[in-house]
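**Student:** Need a 3D model of the sequence below.
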Amino acid sequence: MRRFNMQAPARLCGAIAAVTTLIAAISLESWNQAKAAIPQPSRTVSSFNLATQLDPFDVAQVDSRFCQYHLESAIASVIESPGFDTAHWGVLIESASDSTVLYQYNAEHSLIPASNIKLLTSAAAIQIVSDRAPETLPSFSGWLTEVNRHSDNGQADALLRSIGGQSAARNALSALGVQSDGYTQVDGSGLSRNNRARPSTLVDILQAMDTYDESGLFYNSLAIAGVNGTLRNRFRDTPVQGKLYGKTGTLRGVRALSGYLANTDYGTLTFSIVVNQNGQSGRVLTQTIDYIALLAAQVERCN
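**Tutor:** Modelled structure (predicted):
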């Protein structure tokens with residue numbers, strides 16, 4: 001179903017009031033995150049200097065495609081470097097079409113996901129609204145865009161309240177096949193450090209919405225790399241620009257990025273990259289996540 005198309009941001013000022021009114025009218029009880037040198041002379045991933053201190057690097061250093069069987073060593077050389085000795089990483093990258101895992105690292109570890117918790121909130125809301133009041137979905141898109149693309153914390157918390165809170169969200173996500181033991185949600189926005197999620201759970205949500213959300217509301221509410229929202233200044237002038245639709249996550253010592261990524265050989269990839277590391281530069285964490293995402297975009301099938 002996934003199409004990497006461009007849609008103009010829909011920021012509908014009256015969306016919240018309109019949707020809330022509609023919900024009340026139909027008596028809904030609840031509306032609710034190296035050296036990456038690949039040993040292939042013809043297909044390499046440019047290295048970067050980690051030396052004794054981790055230096056921020058540019059995603060433009062990934063300048064060519066390389067074979068899938070090198071992906072593990074390429075990512076490991078980054079996240080296992082000395083600069084991340086105290087970091088907690090969780091990464092899962094898989095094919096959206098058949099769930100083939102291209103890479104995983106601590107995918108079952110429960111981590112602070114920051115604003116990636118908004119993926120739970122918005123997925124649950126779409127499930128509830130589409131089941132009970134599908135005619136209101138067009139009015140709902142502006143609200144979802146504020147929550148996911150622009151990562152508006154107030155709107156996300158309001159959205160969770162409007163669908164009935166954590167309990168209603170949990171029930172809706174369960175109906176989508178998302179196991180409740182894979183996350184702990186205490187707000188709609190991800191501002192609380194008591195929120196937890198496994199990268200595997202975030203990918204489960206992405207996979208479920210890829211098939212469930214035929215309207216494309218979820219997908220089109222995400223930020224587009226190098227184009228808009230919280231990703232407007234990331235991945236510019238790289239092969240990923242315009243080809244990654246994702247949700248960012250930012251707290252002190254926390255960075256996350258989960259979403260959909262176009263790959264020439266594998267089609268659409270679903271992925272989640274989360275890192276928790278107190279005391280590390282946010283810029284380093286963000287650039288490392290972007291580097292991993294670009295590696296995933298450049299990987300290809302090789303015999």
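**Student:** my guess is residue 246 meets residue 269, correct?
**Tutor:** No - if you go by CB atoms under 8 Å, residue 246 and residue 269 don't touch, sitting 11.0 Å apart. Where you see a C-beta, it was placed from the backbone N, CA and C, and this is true even at glycine.
**Student:** The two: which is more packed in?
**Tutor:** Legend: neighbour count by other CB atoms under 10 Å for residue 246 and residue 269, higher for residue 246 (30 against 25).
**Student:** Show me the beta-bridge partners of the more buried one.
**Tutor:** On the basis of DSSP bridges, residue 246 is bridged to residue 223, residue 259.
**Student:** Show the model's pLDDT score for it.
**Tutor:** What the model reports as pLDDT for residue 246 is 98.
**Student:** picking up where we left off before, identify the contacts common to residue 246 and residue 269.
**Tutor:** Common contact partners of residue 246 and residue 269 (CB atoms under 8 Å, 6 or more residues apart in numbering): 260-261.
**Student:** I'd say residue 128 and residue 168 touch.
**Tutor:** Yes - in this structure, residue 128 is within contact of residue 168 by CB under 8 Å, at 6.8 Å.
**Student:** so where do the strands sit in the stretch 51-200 of the chain?
**Tutor:** 66-67, 88-95, 101-105, 183-184, 196-197 (DSSP state E, counting those that start in this stretch).
**Student:** just the helices in the stretch 1-150 of the chain please.
**Tutor:** Using DSSP state H, counting those that start in this stretch, the helices of the stretch 1-150 of the chain run over residues 15-25, 71-79, 117-132, 137-148.
**Student:** So which other helices or strands are in contact with the longest one?
**Tutor:** This means helix 117-132. If you count contacts as 3 or more CB pairs under 8 Å, 6 or more residues apart in numbering; DSSP states H and E, helix 117-132 packs onto helix 137-148, helix 153-162, helix 165-175, helix 199-212, helix 217-220, strand 244-251.
**Student:** before we move on, the earlier item: looking at the helices of the stretch 1-150 of the chain, which is nearest to residue 194?
**Tutor:** Among the helices of the stretch 1-150 of the chain, the nearest to residue 194 by CB to CB is helix 117-132 (10.4 Å).
**Student:** just how off-centre is that closest one within its chain?
**Tutor:** 16 Å (CA atoms, centre = their mean, to the nearest Å).
**Student:** model confidence over that helix, on average?
**Tutor:** 96.
**Student:** where's the spatially most central residue of the chain relative to residue 273, distance?
**Tutor:** Centroid check for the chain by CA atoms, centre = their mean gives residue 258 as the closest residue, at 1.5 Å. Using CB to CB, to the nearest Å, we find residue 258 at a distance of 7 Å from residue 273.
**Student:** Please apply the same query to residue 74.
**Tutor:** 14 Å.
**Student:** Mind checking which of these two has more residues around it?
**Tutor:** residue 273 (32 against 25).
**Student:** part of a helix, is that one?
**Tutor:** No - under DSSP: H, G, I helix; E, B strand; the rest coil, residue 273 sits outside any helix and is assigned strand.
**Student:** so it makes contact with residue 91?
**Tutor:** Yes - applying CB under 8 Å as the test, residue 273 and residue 91 come out as touching, 5.1 Å apart.
**Student:** Quick check: which of the helices and strands packed on helix 117-132 is buried the most?
**Tutor:** strand 244-251 (a mean of 26; mean count of other CB atoms under 10 Å).
**Student:** relative to helix 199-212, how tilted is it?
**Tutor:** Counting by axes from the mean of the first three to the mean of the last three CA atoms, to 10 degrees, strand 244-251 lies at 140 degrees to helix 199-212.
**Student:** same for strand 244-251, what does it pack against?
**Tutor:** When contacts are defined as 3+ CB pairs under 8 Å, 6+ apart, strand 244-251 packs onto helix 117-132, strand 223-224, strand 254-263, helix 282-298.
**Student:** Could you give the number of residues near residue 71?
**Tutor:** So residue 71, with other CB under 10 Å, has 21 neighbours.
**Student:** tell me the contacts of it?
**Tutor:** Residues near residue 71 by CB under 8 Å, 6+ apart: 93, 102-103, 295-296, 299.
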